[in-house]
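*Asks:* build me a model:
(4 chains)
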Protein chains: 2
Amino acid sequence: MAGGRSSGRAERPSLRDACLAEALAIIEREGVESLSLREVSRRLGVSHQAPYRHFPSRDHLLAEIVAGAYRAFVAHLEARPRTGGAQGDLREMGRAYLTYARAHPLQYRLMFGTPLPNPAEHPDMMRHAERAFGLLRDAIAELPSTEGARDLRATHLDALFVWSTLHGLSSIMSSDALDTVDLDDDLLEAAAAETLRRIGFGLRASKSD
Amino acid sequence: MAGGRSSGRAERPSLRDACLAEALAIIEREGVESLSLREVSRRLGVSHQAPYRHFPSRDHLLAEIVAGAYRAFVAHLEARPRTGGAQGDLREMGRAYLTYARAHPLQYRLMFGTPLPNPAEHPDMMRHAERAFGLLRDAIAELPSTEGARDLRATHLDALFVWSTLHGLSSIMSSDALDTVDLDDDLLEAAAAETLRRIGFGLRASKSD
DNA sequence: GGCTGGAGTTGACAGTGTCAACATCTACCG
DNA sequence: CGGTAGATGTTGACACTGTCAACTCCAGCC
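*Replies:* Residues are numbered from 1 along each chain as shown, chains lettered A, B, ... in the order given. Predicted structure coming up:
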């Protein structure tokens, strides 16, 4: 039902895929807000209405690009090393999260940083998003509970803490705001490691309440 | 040189201020991306070029609104209670940060969440932004250093940690992403308190390295 | 053959930001 | 008092955008 329209098996010259690729290229160079279907058409040498054969609207095209970013994000998170126990696993998840954000700042910003096309109108995009959040929450739910049953509320609190810490660092790292403050690359590298360590402390802190 | 054009002393009917107010109202109802100077003009009953007498471009108007949000943010941070020592002060700062983000999600998003008009072209807006960051960094620099001189790098790391944690929670709280996950208001309240506590743990953790 | 439906094109419309030329009104200076 | 300069606001244009509607084309199928 979903996806698979592209590389499944060569299905036509696929102007559809060309649009997605060209749109992404435009966003990379000029930013989301200056993405225009007409410019995409122009670059592809087709008429300004051609993309409408494949996308109901500009926002639908954008939503598909964002969905792609989520898909890649989820894949990256799932591809993390799966060696240690629950605690080590969460750490790997955090590392993977930060790695992706550092390696793909544009995609990260597309997912979390920019005003998305109305999410309610693009359920497919949201499905991928929820999948990503679910991964993180699951990893936390797996944490060993030192005091018997892990209650749901505590899990939510922990998830929110981990999520917001990771997200905070990532969005700062992939934002322009950094330019106003002078921080070198080494520092950011260190900050990533440090943040992971501190998340661990923070989680343990909640137990020793 | 800067500011003071508004409420200093009644300086004309001040279409300028009316534009800012109306623009903010539009953003509140429709979102940033659908803010248009022409709509502002229409609502104010003036011609579509009138605002250009007061703002060189749409982005300049937007930048001024964002600058206003930063100004209010800085004022809110500076108005925090100043009772305790450095440690208590940082805690108050954190509380004030989260309070503002909760009370003014729109403004918070305007500052950190949306693609701003090219910051380099709006130095005034950036001046206010830096002021806000500076407050936080200063509060951290004041922390008692248990091991003699507080080195600059450590301060930066700490600042980045505190900042990103606060920002992460705030931006999640003021974002639509929350809607995809079911979290009640009580939980958010608890998360704010919990996060402040955990930031404390995180900072101490860096010392006991 | 004829017909149907997808893919792409052309032409229009309303909306936008912005430049340029015009009008008007206000204040100040001779 | 008259006149002139500057700020303020208006009208008209231009290029650009997303999107609707009607048109052409061409492959495949009965």
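*Asks:* list the buried ones in the helix or strand hosting residue A:23?
*Replies:* Using DSSP states H and E, residue A:23 sits within helix A:15-30. Across helix A:15-30, burial judged by 16 or more other CB atoms under 10 Å in any protein chain shown covers A:15, A:16, A:18, A:19, A:20, A:22, A:23, A:24, A:26, A:27. In short, each C-beta sits where N, CA and C put it, glycine included.
*Asks:* you'd agree the first one is up against residue A:52?
*Replies:* What it means is residue A:15. No. Counting by CB atoms under 8 Å, residue A:15 stays clear of residue A:52, with 11.0 Å between them.
*Asks:* same for whichever strand or helix holds residue A:136, what does it pack against?
*Replies:* Using DSSP H and E, residue A:136 falls within helix A:123-141. The contact analysis (3 or more CB pairs under 8 Å, 6 or more residues apart in numbering or on different chains; DSSP states H and E) places helix A:123-141 against helix A:58-78, helix A:86-103, helix A:152-173, helix B:177-180.
*Asks:* now the next helix or strand after the second one: buried residues?
*Replies:* The C-terminal neighbour of helix A:86-103 among helices and strands, as given by DSSP H and E, is helix A:105-108. Along helix A:105-108, these residues count as buried under the neighbour rule (16+ other CB under 10 Å): A:105, A:107, A:108.
*Asks:* need those residues in TSV with distance to chain B and pLDDT, can you?
*Replies:* Output for the buried residues of helix A:105-108, formatted as TSV (distance: CB to the nearest CB, whole Å; pLDDT from 0 to 100):
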residue	distance to chain B	pLDDT
A:105	13	91
A:107	15	93
A:108	13	93
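*Asks:* dump these to a markdown table, plus distance to DNA strand C.
*Replies:* Formatted as a markdown table, those follow (distance: CB to the nearest atom of the strand, whole Å):
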| residue | distance to DNA strand C |
| --- | --- |
| A:105 | 26 |
| A:107 | 26 |
| A:108 | 28 |
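*Asks:* and the next helix or strand past the helix or strand of chain A with the lowest mean pLDDT?
*Replies:* Lowest on mean pLDDT, DSSP states H and E among the helices and strands of chain A sits helix A:177-180, with a mean of 60. Next in sequence after helix A:177-180, counting helices and strands by DSSP H and E, comes helix A:185-207.
*Asks:* who touches that next one?
*Replies:* Here helix A:185-207 makes contact (CB atoms under 8 Å, 6 or more residues apart in numbering or on different chains) with A:87, A:91, A:94-95, A:98, A:102, A:143, A:146-147, A:154, A:157-158, A:161-162, A:165-166, A:169, A:173, B:153, B:156-157, B:160-161, B:164, B:194, B:197-199, B:201-202, B:205-206.
*Asks:* what comes up buried for that helix?
*Replies:* For helix A:185-207, a neighbour-count test (16+ other CB under 10 Å) marks A:188, A:191-192, A:194-203, A:205 as buried.
*Asks:* for burial, what's the neighbour tally of residue A:70?
*Replies:* 21 (other CB atoms under 10 Å in any protein chain shown).
*Asks:* distance check, it against residue A:104.
*Replies:* 12 Å (CB to CB, to the nearest Å).
*Asks:* please apply the same query to residue A:68.
*Replies:* 11 Å.
*Asks:* same deal with residue A:36?
*Replies:* Noted for residue A:36: a distance of 23 Å to residue A:104, by CB to CB.
*Asks:* more crowded one of these two?
*Replies:* residue A:104 (17 against 14).
*Asks:* ok, now which ones touch the more buried one?
*Replies:* By CB under 8 Å, 6+ apart, the residues touching residue A:104 are A:69, A:72.
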